[in-house]
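In: Any chance you could fold what I've pasted below:
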Amino acid sequence: MKKPLLFAALTATVLLAACNGGGGYGYQNPPGYGTNCIPPTNTVLVYPSNNATGVPDNTMAVYVAVPTALTNPAGLDTNIIGPPSYGSQLTGGFTSVTYASIPTPNTVPGYSNPQYYKTTLTYSLTTASAFDVYWNNLNNACNSTTSASFIGSFTTQ
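Out: The predicted model follows:
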C-alpha cells in the first residue's frame, strides 16, 4: 500500500514542478517561447533607431524605452540577429540610463515619462549589414522562430 502512495506523491511533485517551466520569472512557458519573449506594451528601440541606416559598426550598445520601470531589468536583454556570417548574439542584461546618455540620432517615444535602458553587445557588428532586434528574457534566445517580439531593425554603415 505504501508503494502506490509514494509513487502518486512523486508523480504529483513532478507534475507540479513541470507547470512552472518558466525558469524563475513567473512565466508559464519554456524558455524562448510565449510570454518569455514579449516586451512591455509600447517598447521602443531608441538607439539605434528602428529602420536606421548608417549605424556605426563599432556600436556596442542598444537602448530601449518602456512606459514603466522594469521590475527585473538585469534579467532581460535583446537578441540581435544579423546576416548568416554574423549569426546572432544575446546582449547583456538591461541597466537603467538617462536620456542624456543615449547616442544621437535616436528615437523619442511618443509617451510621457519613458524609462530608458541600455544593453551591451559582446562583439562588434559587421559592416554594411542589416540587423533585427528582439526582446529577450536573459539567455533564452528569443528570435523570429520562437514567437519573440521584434522591436526593431537597423543597418550598419
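
In: from here on, contacts and neighbour counts on C-alpha atoms
Out: Will do.

In: and the next element down the chain from the lowest-mean-pLDDT helix or strand in the chain?
Out: None of the helices or strands of the chain scores lower by mean pLDDT, DSSP states H and E than helix 2-18, at a mean of 44. Moving toward the C-terminus from helix 2-18, the next helix or strand (DSSP states H and E) is strand 44-47.

In: residue contacts, residue 112?
Out: Contacts for residue 112 (CA atoms under 8 Å, 6 or more residues apart in numbering) come out as residue 67.

In: so how far is residue 67 from it?
Out: 8 Å (CA to CA, to the nearest Å).

In: Same check on residue 102?
Out: Residue 102 is 17 Å from residue 67, by CA to CA.

In: Show me what the residue nearest the centre of the chain is bridged to.
Out: In the chain, the C-alpha nearest the mean C-alpha coordinate belongs to residue 136, at 2.2 Å (CA atoms, centre = their mean). Assessed by DSSP bridges, residue 136 has beta-bridge partners residue 77.

In: ok now do it, which residues does it touch?
Out: When contacts are counted by CA under 8 Å, 6+ apart, residue 136 touches 32, 36, 37, 38, 39, 76, 77, 78, 79, 142, 143, 148.

In: 6 Å instead, please
Out: Neighbour list for residue 136: 37, 76, 77, 78, 142 [criterion: CA atoms under 6 Å, 6 or more residues apart in numbering].

In: in this structure, what spans have low per-residue confidence?
Out: 1-35, 139, 146-147 (pLDDT under 70).

In: Tell me how it divides into domains.
Out: Following automatic domain parsing, the chain resolves into domains at 1-30, 31-156.

In: Just say which of these is most tucked in.
Out: domain 31-156 (a mean of 19; mean count of other CA atoms under 10 Å).

In: if I look at residue 112, how far off is residue 66?
Out: Residue 112 is 10 Å from residue 66, by CA to CA.

In: before we move on, back to that, for the contacts of residue 136, give me TSV that also has distance to residue 122.
Out: Output for these, formatted as TSV (distance: CA to CA, whole Å):
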residue	distance to residue 122
37	20
76	15
77	12
78	12
142	17
